[in-house]
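*Asks:* build me a model from this:
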Amino acid sequence: MTENTQRPFGQSRIDTVEQDLKRWLLLQAQAGVPELVLVDLLREYADVIEHRGVIPRSWDEASRGNQCPIRGDP
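*Replies:* Now for the predicted structure:
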């Protein structure tokens with residue numbers, strides 16, 4: 001059983017995660033990242049998560065060697 005399935009994920013946690021994501025997206029946009037780039041990345045990562053059913057552990061900085069699991073580049 002993974003950490004994601006051990007604890008209940010209630011609405012308050014979903015709301016917190018949603019707010020964190022909104023803040024992160026805003027920071028990226030303020031830093032000059034085009035919104036369409038952010039949307040494209042979110043879609044690609046969502047596809048990977050949907051296909052695998054989990055967040056790939058290869059996304060962990062220590063285990064992935066700074067490579068993107070989708071594009072294969074740093």
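
*Asks:* mind giving me the packing neighbours of the longest helix belonging to the chain?
*Replies:* When the chain is parsed with DSSP state H, its longest helix is helix 11-30. Where contact means 3 or more C-beta pairs under 8 Å, 6 or more residues apart in numbering; DSSP states H and E, helix 11-30 is packed against helix 35-52. Where you see a C-beta, it was placed from the backbone N, CA and C, and this is true even at glycine.

*Asks:* flag every buried residue along the helix it packs on.
*Replies:* For helix 35-52, burial by neighbour count (16 or more other C-beta atoms under 10 Å) applies to 45, 48.

*Asks:* report the angle between the axes of it and helix 11-30?
*Replies:* 140 degrees (axes from the mean of the first three to the mean of the last three C-alpha atoms, to 10 degrees).

*Asks:* which residues touch the longest helix of the chain?
*Replies:* With contacts defined as C-beta atoms under 8 Å, 6 or more residues apart in numbering, helix 11-30 is touched by 35, 38.

*Asks:* go again using 10 Å as the cut-off
*Replies:* Contact with helix 11-30 is made by 7, 9-10, 33-35, 37-39, 41-42, as judged by C-beta atoms under 10 Å, 6 or more residues apart in numbering.

*Asks:* output it in CSV with nothing but the alpha carbons.
*Replies:* Extracted in CSV, the C-alpha atoms of helix 11-30 (Å, rounded to 0.1, in the frame of the first residue of the first chain):
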residue,chain,number,x,y,z
GLN,A,11,-12.2,18.0,1.0
SER,A,12,-10.2,20.2,3.3
ARG,A,13,-6.9,18.6,2.0
ILE,A,14,-8.2,18.9,-1.6
ASP,A,15,-8.9,22.6,-1.0
THR,A,16,-5.4,23.1,0.5
VAL,A,17,-3.8,21.4,-2.5
GLU,A,18,-5.9,23.4,-4.9
GLN,A,19,-4.8,26.7,-3.2
ASP,A,20,-1.1,25.6,-3.3
LEU,A,21,-1.4,24.7,-7.0
LYS,A,22,-3.0,28.1,-7.8
ARG,A,23,-0.2,29.9,-5.9
TRP,A,24,2.5,27.9,-7.7
LEU,A,25,0.9,28.6,-11.1
LEU,A,26,0.6,32.3,-10.3
LEU,A,27,4.3,32.4,-9.3
GLN,A,28,5.3,30.7,-12.5
ALA,A,29,3.3,33.1,-14.6
GLN,A,30,4.7,36.1,-12.7
